[in-house]
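Trainee: Just to be clear, the model below is a prediction. Sequence and coordinates:
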Amino acid sequence: MSKLIPVLAALMLLQGCAAAVVAGGATAVTAANDRRTLGSQIDDNGIVIKARRALSQDGLTAKGSNINVTSYNGVVLLTGQTASEQVKDQAQRLVQDIPSVKQVHNQIRLGNNTSLTTRTRDSWISTKVKSQLLADEQVSGLNIRVITENQEVFLMGLVGGPEADKAVDIARNVEGVVRVIKAFEQP
């Protein structure tokens, strides 16, 4: 990894497609360090695309709701807000029928959609949590997905035992976090 930094810096100095090369290299490094198989990573992307399409094309879930989809190793996390239990249940039914979905964690909350200010704050919280996870030597931050919705932090990944406990403790102690919910799978 220490050899990668000077190479990336040199590429940035080149003209032309340097940004594309750096982005491609960063993606390759992330994919190579992921505990999921490459097939699982591709399946997760497909699951998210299919779920978003199903939710946007369904008459019940498409109107007035803010539903976000995250998939990690076939485990899907639904977050956001909706006005009724009926819409929340319909979202789960639509997503659990997608091929390659192993489990659905339905954490959609009943209530009004969050504001732009809240979503911006949530992004900042996710950034702080992810930075703390990456900085900790006892946690493989590259293998933990951080999703924040209305100050609730959801942690997903192939993480178990003391590493999972440490990740939850780190997230819990970040300023602005109200609650931490883990959706980890054992590696």
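Mentor: Yep, it's here. Numbers count the residues shown, from 1 in each chain.

Trainee: what about residue 54, distance to residue 93?
Mentor: As defined by CB to CB, to the nearest Å, residue 54 lies at a distance of 10 Å from residue 93. (Glycine included, C-beta is placed from N, CA and C.)

Trainee: For these two, work out which one has more neighbours and name it.
Mentor: A side-by-side neighbour count of residue 54 and residue 93, using other CB atoms under 10 Å, places residue 54 first with 18 against 14.

Trainee: so what's the residue positioned nearest the centre of the chain bridging to?
Mentor: Central residue check for the chain by CA atoms, centre = their mean: the C-alpha nearest the mean position is that of residue 145, 4.4 Å away. Residue 145 forms beta bridges with residue 156, as assigned by DSSP bridges.

Trainee: Any regions of this structure where pLDDT drops low?
Mentor: Counting by pLDDT under 70, the chain has low-confidence residues at 1-32.

Trainee: quick one, helices of it?
Mentor: Assigned by DSSP state H, the helices in the chain fall at 4-13, 18-33, 38-57, 85-96, 116-135, 161-172.

Trainee: Contacts made by the third one with the rest, please.
Mentor: Under the criterion CB atoms under 8 Å, 6 or more residues apart in numbering, residues 31, 34, 36, 61-62, 67, 69-74, 76, 91, 94-95, 98, 100-101 lie in contact with helix 38-57.

Trainee: Show me the domain layout of the protein.
Mentor: Using the TED database, the domains assigned to the chain come out as 4-33, 38-110, 116-182.

Trainee: Tell me who's in contact with the residue nearest to residue 149 when sequence neighbours are not counted.
Mentor: In space, residue 149 comes closest to residue 79 once its chain neighbours are excluded; the distance is 4.2 Å by CB to CB, 6 or more residues apart in numbering. Residue 79 is in contact with 67-68, 70, 107-108, 147, 149, 152, 154, counting by CB under 8 Å, 6+ apart.

Trainee: repeat for residue 129
Mentor: Contact analysis of residue 129 by CB under 8 Å, 6+ apart lists 146, 148, 153, 170-171, 174, 177.

Trainee: Among these, which pair sits farthest apart?
Mentor: Distance extremes for these: the farthest pair is 148 and 170 at 13.7 Å, using CB to CB.
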